[in-house]
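**Student:** Here is my input, please return the structure:
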Amino acid sequence: MRAIVQLTAQHVHEAVGQTPTGTVPVALGAPGTPPLGPAGMSSEGASSPGTSSPSTVAQLRAQVERVQGRRLDAPVLPVHPALASLLPGGGLRPGSAYSLPRSTSVLLALLAQPSQSGSWCGVIGMPRLGAEAAEGLGVDLSRLVLIPDPGARWLAVTSTVAEVLPVVAVRPSGRAADGEIARLAARLRDRGAVLLVQGPWPQAEAVIEVGEPAWEGVGRGHGYLAGRAVTLMSSSRRWPRSRRARVMLPDAEGHVSAAPERMRPVEALPSAESAESFPQRIRAVG
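**Tutor:** You can find the predicted model right below:
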(Lines give C-alpha, C1' and ligand atoms only; values in the text may rest on other atoms or scores of the structure.)
Protein backbone atom coordinates (compact mmCIF):
# COMPACT_ATOMS: atom_id res chain seq x y z
CA MET A 1 0.00 0.00 0.00
CA ARG A 2 1.34 3.39 -0.93
CA ALA A 3 1.88 6.03 1.70
CA ILE A 4 -0.53 8.88 2.27
CA VAL A 5 0.02 12.30 3.80
CA GLN A 6 -1.67 12.93 7.14
CA LEU A 7 -1.62 16.36 8.72
CA THR A 8 -2.90 17.85 11.91
CA ALA A 9 -4.69 21.14 12.21
CA GLN A 10 -1.50 22.76 13.55
CA HIS A 11 0.16 22.46 10.14
CA VAL A 12 -2.49 24.59 8.50
CA HIS A 13 -3.51 27.00 11.26
CA GLU A 14 -0.47 29.18 10.63
CA ALA A 15 -1.83 30.29 7.28
CA VAL A 16 -5.39 30.79 8.55
CA GLY A 17 -6.62 34.32 8.18
CA GLN A 18 -4.51 35.22 5.17
CA THR A 19 -6.37 36.42 2.13
CA PRO A 20 -5.30 35.69 -1.43
CA THR A 21 -3.35 38.48 -2.99
CA GLY A 22 -2.95 39.59 -6.56
CA THR A 23 -6.66 39.59 -7.40
CA VAL A 24 -9.02 42.53 -7.26
CA PRO A 25 -12.72 41.91 -7.88
CA VAL A 26 -14.07 43.82 -10.83
CA ALA A 27 -17.78 44.53 -11.05
CA LEU A 28 -19.81 45.04 -14.18
CA GLY A 29 -19.43 48.60 -15.32
CA ALA A 30 -16.25 49.15 -13.28
CA PRO A 31 -13.73 51.80 -14.38
CA GLY A 32 -11.88 50.65 -17.44
CA THR A 33 -14.80 48.68 -18.85
CA PRO A 34 -17.38 50.15 -21.21
CA PRO A 35 -20.79 50.72 -19.60
CA LEU A 36 -23.53 48.31 -20.47
CA GLY A 37 -26.49 49.55 -22.42
CA PRO A 38 -29.97 48.03 -22.79
CA ALA A 39 -30.17 44.24 -22.55
CA GLY A 40 -26.60 44.12 -21.25
CA MET A 41 -25.13 45.45 -24.51
CA SER A 42 -22.06 47.66 -24.47
CA SER A 43 -22.78 51.25 -25.39
CA GLU A 44 -19.67 51.26 -27.57
CA GLY A 45 -20.46 48.09 -29.48
CA ALA A 46 -24.25 48.03 -29.31
CA SER A 47 -25.90 46.20 -32.15
CA SER A 48 -29.39 46.16 -33.47
CA PRO A 49 -32.08 44.19 -31.62
CA GLY A 50 -31.97 40.48 -32.25
CA THR A 51 -28.30 40.47 -33.25
CA SER A 52 -25.07 40.16 -31.33
CA SER A 53 -21.64 40.60 -32.79
CA PRO A 54 -18.78 38.23 -31.84
CA SER A 55 -16.95 41.09 -30.15
CA THR A 56 -19.98 41.84 -27.95
CA VAL A 57 -20.32 38.20 -26.91
CA ALA A 58 -16.61 38.00 -26.12
CA GLN A 59 -16.80 41.20 -24.08
CA LEU A 60 -19.78 39.96 -22.03
CA ARG A 61 -18.04 36.63 -21.45
CA ALA A 62 -14.90 38.43 -20.25
CA GLN A 63 -16.89 40.59 -17.83
CA VAL A 64 -18.77 37.60 -16.38
CA GLU A 65 -15.52 35.69 -16.01
CA ARG A 66 -13.94 38.60 -14.11
CA VAL A 67 -16.90 38.72 -11.74
CA GLN A 68 -17.03 34.95 -11.18
CA GLY A 69 -13.27 34.58 -11.04
CA ARG A 70 -13.22 31.61 -13.44
CA ARG A 71 -13.50 30.79 -17.11
CA LEU A 72 -16.93 29.73 -18.27
CA ASP A 73 -15.44 27.14 -20.63
CA ALA A 74 -12.90 25.77 -18.15
CA PRO A 75 -12.58 21.97 -18.35
CA VAL A 76 -14.05 19.91 -15.53
CA LEU A 77 -12.18 17.34 -13.45
CA PRO A 78 -13.02 13.82 -14.62
CA VAL A 79 -15.14 11.42 -12.60
CA HIS A 80 -16.08 7.78 -13.09
CA PRO A 81 -18.31 7.31 -16.16
CA ALA A 82 -21.04 5.84 -13.93
CA LEU A 83 -21.21 9.18 -12.07
CA ALA A 84 -20.70 11.61 -14.95
CA SER A 85 -24.41 11.97 -15.76
CA LEU A 86 -25.07 13.21 -12.21
CA LEU A 87 -22.81 16.27 -12.52
CA PRO A 88 -23.28 19.37 -14.70
CA GLY A 89 -20.71 19.22 -17.46
CA GLY A 90 -20.00 15.57 -16.73
CA GLY A 91 -17.40 16.26 -14.04
CA LEU A 92 -16.34 18.41 -11.08
CA ARG A 93 -16.30 22.07 -12.08
CA PRO A 94 -13.34 24.06 -10.69
CA GLY A 95 -14.42 26.80 -8.31
CA SER A 96 -17.64 25.01 -7.33
CA ALA A 97 -18.99 23.25 -4.25
CA TYR A 98 -21.01 20.04 -4.14
CA SER A 99 -23.32 18.79 -1.40
CA LEU A 100 -22.97 15.06 -0.71
CA PRO A 101 -24.65 12.60 1.64
CA ARG A 102 -22.75 11.26 4.64
CA SER A 103 -21.61 8.30 2.61
CA THR A 104 -17.91 7.54 2.51
CA SER A 105 -18.37 5.37 -0.57
CA VAL A 106 -19.91 8.21 -2.59
CA LEU A 107 -17.12 10.57 -1.56
CA LEU A 108 -14.33 8.13 -2.42
CA ALA A 109 -15.98 7.34 -5.75
CA LEU A 110 -15.83 11.04 -6.66
CA LEU A 111 -12.21 11.37 -5.52
CA ALA A 112 -10.96 8.35 -7.49
CA GLN A 113 -10.67 9.78 -11.01
CA PRO A 114 -9.32 13.22 -10.04
CA SER A 115 -6.56 11.62 -7.95
CA GLN A 116 -5.71 9.18 -10.73
CA SER A 117 -5.50 12.03 -13.23
CA GLY A 118 -2.91 13.85 -11.09
CA SER A 119 -5.00 16.10 -8.82
CA TRP A 120 -4.14 16.19 -5.12
CA CYS A 121 -7.13 15.61 -2.84
CA GLY A 122 -7.58 16.63 0.79
CA VAL A 123 -10.04 15.07 3.24
CA ILE A 124 -10.84 17.07 6.39
CA GLY A 125 -12.74 16.01 9.49
CA MET A 126 -13.14 12.29 8.74
CA PRO A 127 -10.98 10.38 11.24
CA ARG A 128 -12.58 7.02 10.41
CA LEU A 129 -11.87 7.15 6.69
CA GLY A 130 -9.92 4.02 5.82
CA ALA A 131 -6.98 4.19 3.45
CA GLU A 132 -7.56 0.60 2.33
CA ALA A 133 -11.17 1.33 1.42
CA ALA A 134 -10.10 4.48 -0.44
CA GLU A 135 -7.55 2.56 -2.48
CA GLY A 136 -10.09 -0.18 -3.20
CA LEU A 137 -12.46 2.36 -4.77
CA GLY A 138 -9.68 3.75 -6.94
CA VAL A 139 -8.23 6.66 -4.96
CA ASP A 140 -4.51 7.21 -5.56
CA LEU A 141 -3.14 7.30 -2.00
CA SER A 142 0.06 9.04 -3.12
CA ARG A 143 -2.07 12.13 -3.84
CA LEU A 144 -4.29 11.99 -0.75
CA VAL A 145 -3.89 14.32 2.25
CA LEU A 146 -5.79 13.54 5.46
CA ILE A 147 -6.56 16.03 8.23
CA PRO A 148 -8.62 13.88 10.61
CA ASP A 149 -9.32 16.45 13.34
CA PRO A 150 -9.34 20.12 12.27
CA GLY A 151 -10.94 21.22 15.54
CA ALA A 152 -13.46 24.01 15.88
CA ARG A 153 -11.82 26.00 13.07
CA TRP A 154 -12.71 23.44 10.41
CA LEU A 155 -13.87 26.11 7.97
CA ALA A 156 -10.65 28.10 8.28
CA VAL A 157 -8.62 24.93 7.80
CA THR A 158 -10.70 24.04 4.73
CA SER A 159 -10.15 27.49 3.26
CA THR A 160 -6.40 27.22 3.80
CA VAL A 161 -6.17 23.75 2.27
CA ALA A 162 -8.14 24.99 -0.77
CA GLU A 163 -5.27 27.40 -1.41
CA VAL A 164 -2.95 24.55 -2.43
CA LEU A 165 -5.07 21.47 -3.24
CA PRO A 166 -7.42 21.33 -6.24
CA VAL A 167 -9.96 19.00 -4.56
CA VAL A 168 -11.00 19.35 -0.91
CA ALA A 169 -13.56 17.22 0.93
CA VAL A 170 -14.87 18.14 4.37
CA ARG A 171 -17.36 16.91 6.93
CA PRO A 172 -18.47 20.04 8.84
CA SER A 173 -18.41 19.76 12.61
CA GLY A 174 -20.68 22.76 13.16
CA ARG A 175 -22.49 25.64 11.54
CA ALA A 176 -20.64 28.42 9.75
CA ALA A 177 -21.54 32.07 9.34
CA ASP A 178 -22.79 33.22 5.95
CA GLY A 179 -19.91 35.66 5.62
CA GLU A 180 -17.32 32.92 6.14
CA ILE A 181 -19.03 30.68 3.59
CA ALA A 182 -19.05 33.54 1.08
CA ARG A 183 -15.32 34.14 1.60
CA LEU A 184 -14.62 30.44 1.10
CA ALA A 185 -16.66 30.46 -2.11
CA ALA A 186 -14.62 33.40 -3.38
CA ARG A 187 -11.39 31.57 -2.57
CA LEU A 188 -12.60 28.47 -4.43
CA ARG A 189 -13.30 30.56 -7.51
CA ASP A 190 -9.99 32.35 -7.24
CA ARG A 191 -7.96 29.15 -6.90
CA GLY A 192 -10.14 26.96 -9.11
CA ALA A 193 -10.58 24.39 -6.33
CA VAL A 194 -13.44 21.93 -5.92
CA LEU A 195 -15.19 21.55 -2.56
CA LEU A 196 -17.04 18.36 -1.62
CA VAL A 197 -19.15 18.80 1.51
CA GLN A 198 -20.79 15.95 3.39
CA GLY A 199 -23.98 17.75 4.29
CA PRO A 200 -26.06 20.68 3.06
CA TRP A 201 -24.20 23.60 1.53
CA PRO A 202 -25.59 26.89 0.13
CA GLN A 203 -25.36 27.54 -3.62
CA ALA A 204 -24.00 24.08 -4.37
CA GLU A 205 -23.36 23.24 -7.99
CA ALA A 206 -25.18 19.95 -7.43
CA VAL A 207 -26.80 18.13 -4.50
CA ILE A 208 -26.34 14.36 -4.52
CA GLU A 209 -28.44 11.98 -2.42
CA VAL A 210 -28.29 8.21 -2.06
CA GLY A 211 -31.11 5.73 -1.59
CA GLU A 212 -32.55 2.30 -2.36
CA PRO A 213 -29.54 0.24 -1.24
CA ALA A 214 -29.60 -3.45 -2.13
CA TRP A 215 -26.87 -5.98 -1.36
CA GLU A 216 -26.23 -8.83 -3.73
CA GLY A 217 -24.66 -12.24 -3.15
CA VAL A 218 -26.68 -13.46 -0.20
CA GLY A 219 -29.08 -16.28 -1.00
CA ARG A 220 -31.73 -17.74 1.29
CA GLY A 221 -29.90 -16.88 4.49
CA HIS A 222 -26.41 -17.85 3.34
CA GLY A 223 -23.70 -16.74 0.93
CA TYR A 224 -21.20 -13.89 0.60
CA LEU A 225 -21.90 -10.22 -0.06
CA ALA A 226 -20.80 -9.58 -3.64
CA GLY A 227 -21.81 -5.96 -4.16
CA ARG A 228 -24.20 -3.18 -3.25
CA ALA A 229 -26.43 -1.34 -5.70
CA VAL A 230 -27.62 2.16 -4.78
CA THR A 231 -29.62 4.84 -6.53
CA LEU A 232 -27.89 8.22 -6.71
CA MET A 233 -30.12 11.25 -7.21
CA SER A 234 -28.69 14.60 -8.27
CA SER A 235 -30.38 17.98 -8.41
CA SER A 236 -28.83 21.14 -9.82
CA ARG A 237 -29.89 24.68 -10.59
CA ARG A 238 -28.70 24.01 -14.14
CA TRP A 239 -31.30 21.28 -14.71
CA PRO A 240 -35.09 21.53 -14.78
CA ARG A 241 -35.45 18.08 -13.18
CA SER A 242 -33.31 15.89 -10.97
CA ARG A 243 -31.35 12.98 -12.41
CA ARG A 244 -30.96 9.42 -11.21
CA ALA A 245 -28.39 6.69 -11.76
CA ARG A 246 -28.19 3.13 -10.46
CA VAL A 247 -24.60 2.42 -9.42
CA MET A 248 -22.75 -0.54 -7.92
CA LEU A 249 -20.97 0.91 -4.89
CA PRO A 250 -19.04 -1.31 -4.61
CA ASP A 251 -19.36 -4.04 -7.21
CA ALA A 252 -18.20 -7.66 -6.85
CA GLU A 253 -14.55 -6.58 -7.32
CA GLY A 254 -14.80 -3.74 -4.80
CA HIS A 255 -14.85 -1.00 -7.44
CA VAL A 256 -17.39 1.47 -8.80
CA SER A 257 -19.47 0.50 -11.81
CA ALA A 258 -22.86 1.07 -13.37
CA ALA A 259 -25.50 -1.32 -12.10
CA PRO A 260 -26.64 -3.78 -14.78
CA GLU A 261 -30.12 -3.25 -16.06
CA ARG A 262 -32.39 -6.09 -15.12
CA MET A 263 -35.13 -7.24 -17.47
CA ARG A 264 -38.52 -7.62 -15.88
CA PRO A 265 -40.27 -10.90 -16.69
CA VAL A 266 -42.97 -10.42 -19.27
CA GLU A 267 -46.21 -12.29 -18.71
CA ALA A 268 -47.66 -13.83 -21.84
CA LEU A 269 -51.12 -12.68 -22.81
CA PRO A 270 -53.78 -15.40 -22.93
CA SER A 271 -54.53 -16.74 -26.37
CA ALA A 272 -57.95 -16.84 -27.96
CA GLU A 273 -58.28 -20.54 -27.17
CA SER A 274 -57.99 -19.85 -23.47
CA ALA A 275 -60.52 -17.06 -23.43
CA GLU A 276 -63.01 -19.29 -21.70
CA SER A 277 -60.68 -19.46 -18.72
CA PHE A 278 -61.56 -15.88 -17.85
CA PRO A 279 -64.47 -15.45 -15.48
CA GLN A 280 -67.63 -14.74 -17.45
CA ARG A 281 -70.52 -12.61 -16.29
CA ILE A 282 -73.62 -14.72 -15.63
CA ARG A 283 -76.98 -13.40 -16.68
CA ALA A 284 -80.32 -15.02 -15.86
CA VAL A 285 -82.60 -15.53 -18.86
CA GLY A 286 -86.15 -16.81 -19.22
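**Student:** the helices in the stretch 101-250 of the chain, which residues?
**Tutor:** Taking DSSP state H, counting those that start in this stretch to define them, one finds helices in the stretch 101-250 of the chain at 104-116, 131-136, 154-161, 178-191.
**Student:** From the contact counts, what lies against the shortest one?
**Tutor:** This means helix 131-136. The contact analysis (3 or more Cβ pairs under 8 Å, 6 or more residues apart in numbering; DSSP states H and E) places helix 131-136 against helix 104-116. Heads up, the C-betas are built off the backbone N, CA and C, glycines and all.
**Student:** now do the last one
**Tutor:** Applying 3+ Cβ pairs under 8 Å, 6+ apart, one finds that helix 178-191 contacts helix 154-161, strand 194-198.
**Student:** buried stuff in that helix?
**Tutor:** Under the neighbour-count criterion of 16 or more other Cβ atoms under 10 Å, helix 178-191 has 181, 184-191 buried.
**Student:** Endpoints of stretch 247-256, how far apart?
**Tutor:** In stretch 247-256, first residue to last residue: 7 Å (Cα to Cα, to the nearest Å).
**Student:** hang on, I meant stretch 190-203
**Tutor:** 17 Å.
**Student:** Now it: buried residues?
**Tutor:** 190-198, 201.
**Student:** tell me which of these is nearest to V256?
**Tutor:** For those, the minimum distance to V256 (Cβ to Cβ) is 15.4 Å, reached by L196.
**Student:** hey, what's the closest one bridged with?
**Tutor:** Y98, A169 (DSSP bridges).
**Student:** what stretches of the stretch 1-150 of the chain score poorly on pLDDT?
**Tutor:** For the stretch 1-150 of the chain, the stretches flagged by pLDDT under 70 are 1-74.
**Student:** what's the closest of the buried residues of stretch 190-203 to G211?
**Tutor:** G211 has its nearest neighbour among these in Q198, at 16.0 Å by Cβ to Cβ.
**Student:** G136 contacts V256, correct?
**Tutor:** No. Applying Cβ atoms under 8 Å, one finds G136 not in contact with V256, separated by 9.9 Å.
**Student:** ok, back up a step: right, and the helices of the stretch 101-250 of the chain - which one's nearest L86?
**Tutor:** helix 104-116 (9.6 Å).
**Student:** quick one, the closest one and strand 194-198 angle?
**Tutor:** Angle of helix 104-116 versus strand 194-198, following axes from the mean of the first three to the mean of the last three Cα atoms, to 10 degrees, is 170 degrees.
**Student:** want to try TSV for the helices and strands packed on helix 178-191, with mean pLDDT and distance to A169 as columns?
**Tutor:** Formatted as TSV, the helices and strands packed on helix 178-191 follow (pLDDT from 0 to 100; distance: least, Cβ to Cβ, whole Å):
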stretch	mean pLDDT	distance to A169
helix 154-161	94	9
strand 194-198	96	4
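**Student:** follow-up on the earlier one: any chance of the buried residues of stretch 190-203 in a markdown table, with distance to P260 too?
**Tutor:** Shown next, in a markdown table, are the buried residues of stretch 190-203 (distance: Cβ to Cβ, whole Å):
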| residue | distance to P260 |
| --- | --- |
| D190 | 43 |
| R191 | 40 |
| G192 | 37 |
| A193 | 35 |
| V194 | 30 |
| L195 | 33 |
| L196 | 27 |
| V197 | 31 |
| Q198 | 28 |
| W201 | 33 |
